[in-house]
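J.: Got a predicted structure here, sequence first:
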Amino acid sequence: MSYGEWKSPITLDVVTPDATEISTAAIDRVTGKLFWRSKKPSGQFVICSGDNVSSAVEWTPDGFSAVSRVHEYGGGAFFAHNGEIFFVNKTDQRIYRQSAPEAAPIPITADFGDGKMRYAEGHISSYLNMIVCVREDHTVEGRECVNSVVAIDLLTGDQHILAEGADFYKSIDTCGNKIVFVSWMHPNMPWDDTQVSIGELVLEGKVASAINVKVVHTGASHLQTRLINEEQYLYLCDKTDFWNVWKSSEDERPLYKSGNEPGFPFGWCFGYPGYDIMSDGIVIGAKAKDGLENLLLVDIDNPQSVLKDLGLLVRNKGYSFGTYTNILCHGKYVYALGIDDPANPLTLLRISLTDDSVFIYNNEAAGKDLLPYISYAESVEFPTTNSEMNAYGFLYRPKNPDYCPGEQEKPPLLLRVHGGPTGMASRSLNMKTQYFTSRGFAVFDVDYRGSSGYGRAFRQALYGKWGVYDIEDAISAAKHLVSQGIVDGNRLTIDGGSAGGYTTMAMMVFQNYFHAGVSYYGVSDLLGLAKHTHKFESQYLTKMIGKLPEEEAIYKERSPLCHASQLQCPIGFFQGSEDFVCPPPQSQELYNAALENGVATFYVEYEGEGHGFRQAKNIQRCVSNEIYFYSKIFGFKLFDETENPPPIKNLANESQ
């Protein structure tokens, strides 16, 4: 039986199992209790606690979902303090307080209507006895939203501005009467140029404020500030090319310098700390270029002094993580989310420094009956059009022990392009990938020039070149795999979401190398994106493409929609009706062009979905519809019958 036609036990139900998925975790610094946020198959995000996921206690009742919309991407939606949890609710964006799992959530902040006042990354300041957090104000129609740092009274909900004037804030920490935070201004993104500020908290009666605030670091990307005490602080900085943890001192230098990047791929997001402080030192998580894991206990007073290799403890338990993030420390315990393990999903673990034990909260690896069908990631480095800089990716070969393909046949390729564009590929267990590989596809997740995880110079290589290098590197990756005899050069497909959707669209319009593609909530009109997207990304393209209006011609030159008449390659579109990052017209207009050009195409829009699909049924439909589309383009017969496939317009063979 040919590649693509294999029967596989990795079904759509396996792709989105009927179980919750851990997304973030938080520690109650007073009680030491661990909490985590999980996504249910319905798309609801709930806060949980307990000894493990299978017996977890859910705190979040029906009608609530712990989701912040600050920066539109959210993150940092909950925290715990003294036995209580505080969370931002998705629909109204108010902060709620909950004293017990069975207790009703009580709103702290006022209702400004339609989520117009948003909050993220909060904690309780012991000095103020108030919530300190990021606030994003959307209350004035026609005005760009305003970001600030605020203190919120726990009883009255009154809000006091501690810092304002910058376009964005994050990484707020307090210790005693000291406050430290990160801020930045347009046109910078947080991975470009941010600044660290430190100041003093003042409480006069019931009015909180911050005085003597001064900028202490600028000129590089600074992230994830933490106060050690009222005199010293830590922060991430990439002025030596890779983000490393630095400590404030007269002779400032990284506490541990290597080709790693703590906390990534989530360093600029709310709620994913890449290190934490404990009495013995600091624990640093990192992702190395070779994809191997690194979790180290480092001496906080002696740079480059590793006290303990915690990653080794985890490896000895049979896990192989490429990245640790959401690192939390309390007492003699270290908690972290381990990702980039090809056999496991996002994994919540606890390491004891007392007896070196490792405890896994969610043991949701692929079942033993599926392990023979799991394709493991292979790190690949390949040449680009720049002879001085290679690009990277993860290859998943077809794997199914029930079939033995002929020696002459090569598998079709699905090349996947991550979002961002300043994102990165992950080698964590992804059952969507395994759905394809167990049916006979090779899958390649590409990290083109501009991806995170490989240093500042590699990331900045995409400046001015989005729509050029991402396309070139996707083609170079495919050519490399074809030249190595790994994939069939006549059956090349590509997909991607958001920025990856743009690359997919652009590939189909400007190049004829790939034979079919599918865009997930992608971008077809770069000018439209620059003019109408949300504040956080409103000037993202200034560095990725050029300044407007001076470089408008380049935007048009690289926009697939402006050259829609050139579209001749089969392409499909998945879109969410409530996507405010890449609104539906970005996909609809290129779909209409495909119809006019006689190109095989389909369009599916999911009601209620936003930028990134969350409902299990819709994710399943995407996977089955995408492989169905490729089967019709290449003429192979799927073993599985596709339920309610999308109508493919302009298909040469009209039998569907």
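T.: Sure thing, it's come through.

J.: what does the average pLDDT come to for the longest helix anywhere in the chain?
T.: The single longest helix within the chain, with elements called by DSSP state H, is helix 616-634. For helix 616-634, mean pLDDT rounds to 95.

J.: And that helix, what does it pack against?
T.: The contact analysis (3 or more CB pairs under 8 Å, 6 or more residues apart in numbering; DSSP states H and E) places helix 616-634 against helix 12-15, helix 431-437, strand 516-520, strand 571-576, strand 601-606. Glycine gets a C-beta too; all of them are placed from N, C-alpha and C.

J.: mind checking which of these is nearest Leu414?
T.: Leu414 sits nearest to helix 431-437 of all these, at 5.6 Å, using CB to CB.

J.: Following element in sequence after that closest one, please.
T.: Counting by DSSP states H and E, the next helix or strand C-terminal to helix 431-437 is strand 442-447.

J.: Give me the residues contacting the helix or strand following that following strand.
T.: Sequence-wise, the next helix or strand downstream of strand 442-447 (DSSP H and E) is helix 456-460. With CB atoms under 8 Å, 6 or more residues apart in numbering as the test, helix 456-460 has contacts from 191, 220-221, 238, 241-242, 389, 422, 449-452.

J.: Now with 6 Å, please.
T.: For helix 456-460, contacts defined as CB atoms under 6 Å, 6 or more residues apart in numbering pick out 238, 241, 452.

J.: next one: stretch 463-479
T.: With contact meaning CB under 6 Å, 6+ apart, stretch 463-479 is reached by 382, 384-385, 391, 393, 415, 421, 444, 446, 448-449, 462, 492, 503, 506-507, 513, 543-545, 558.

J.: Give me the longest strand you can find in this protein.
T.: Counting residues, the longest strand found in the chain (DSSP state E) is strand 207-220.

J.: Mind giving me the packing neighbours of it?
T.: strand 194-204 (3 or more CB pairs under 6 Å, 6 or more residues apart in numbering; DSSP states H and E).

J.: Let me see the residues that make contact with the strand it packs on.
T.: Residues from elsewhere that reach strand 194-204, judged by CB under 6 Å, 6+ apart: 127-128, 177, 179-184, 209-213, 215-218, 221-222, 225, 235.

J.: Selecting buried members of those residues in PyMOL, what would you type?
T.: Entered in PyMOL, the line below selects the buried ones among the contacts of strand 194-204, by 16 or more other CB atoms under 10 Å:
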select buried, resi 127+128+177+179+180+181+182+183+184+209+210+213+217+221+222+225+235
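
J.: State the mean pLDDT of the longest strand of the chain.
T.: Per-residue scores along strand 207-220 average to 96.

J.: and the angle from that strand to strand 194-204?
T.: Note on geometry: by axes from the mean of the first three to the mean of the last three CA atoms, to 10 degrees, strand 207-220 and strand 194-204 are set 170 degrees apart in direction.

J.: Where does pLDDT dip in the chain?
T.: 17-20, 258-267, 286-293, 340-343, 363-367, 653-656 (pLDDT under 70).

J.: how close does the residue of it most remote from its centre get to Thr542?
T.: In the chain, counting by CA atoms, centre = their mean, Gly205 sits farthest out from the average C-alpha position, at 41.6 Å. Gly205 sits at a distance of 44 Å from Thr542 (criterion: CB to CB, to the nearest Å).

J.: likewise Leu561?
T.: To Thr542, Leu561 is 20 Å away according to CB to CB.

J.: cool, Val182 as well?
T.: From Val182 to Thr542 the distance is 20 Å (CB to CB).

J.: same question, Gly142
T.: 23 Å.

J.: of the two, who's got more company?
T.: Counted by other CB atoms under 10 Å, Gly142 and Thr542 do not tie: Thr542 has more neighbours, with 19 against 4.

J.: Are we agreed that that one is in a strand?
T.: No. Using DSSP: H, G, I helix; E, B strand; the rest coil, the secondary structure at Thr542 is helix, not a strand.

J.: ok, now which ones touch it?
T.: So Thr542 contacts Pro187 (CB under 6 Å, 6+ apart).

J.: shift numbering so it begins at 24
T.: Right, with 24 as the first residue, what we last looked at is Thr565.

J.: quick revisit: list the buried residues of the longest helix of the chain.
T.: 639, 641-657.

J.: hmm, back to that, go ahead and name everything in contact with the longest strand of the chain.
T.: Residues outside strand 230-243 that contact it (CB under 6 Å, 6+ apart) are 151, 174, 183, 185, 202, 218-225, 260-262.

J.: nearest spatial neighbour of Gly361, skipping sequence neighbours?
T.: Using CB to CB, 6 or more residues apart in numbering and skipping residues adjacent in sequence, the residue nearest Gly361 is Phe344, 3.8 Å away.

J.: That neighbour is in contact with Leu360, isn't it?
T.: No. Using CB atoms under 6 Å, Phe344 is not in contact with Leu360, being 9.1 Å away.

J.: In terms of neighbours, single out the busier of these two.
T.: Each of Phe344 and Leu360 has its neighbours counted (other CB under 10 Å); Phe344 has more, 28 against 25.

J.: For the more buried one, grab phi and psi.
T.: When read as degrees, to the nearest 10, the backbone of Phe344 gives phi -90, psi 140.

J.: swap in Ala623?
T.: With angles defined as degrees, to the nearest 10, Ala623 sits at phi -60, psi 130.

J.: Would you check how far apart it and Gly569 are?
T.: Computed with CB to CB, the distance linking Ala623 and Gly569 is 34 Å.

J.: Then Ser194?
T.: Ser194 sits 30 Å away from Gly569 when distances are taken as CB to CB.

J.: try Asn325
T.: Per CB to CB, Asn325 is found 46 Å from Gly569.

J.: of those two, who's got more company?
T.: Taking other CB under 10 Å, Asn325 and Gly569 do not tie; Gly569 has more neighbours (19 against 11).

J.: Determine the three-state secondary structure at the more buried one.
T.: Taking three-state DSSP, the label given to Gly569 is coil.

J.: Asp134: neighbour count?
T.: Neighbours of Asp134 using other CB under 10 Å come to 12.

J.: would you list every one of the helices in the chain?
T.: Using DSSP H, the helices of the chain run over 35-38, 333-338, 454-460, 479-483, 492-506, 522-533, 549-555, 563-567, 575-581, 608-620, 639-657.
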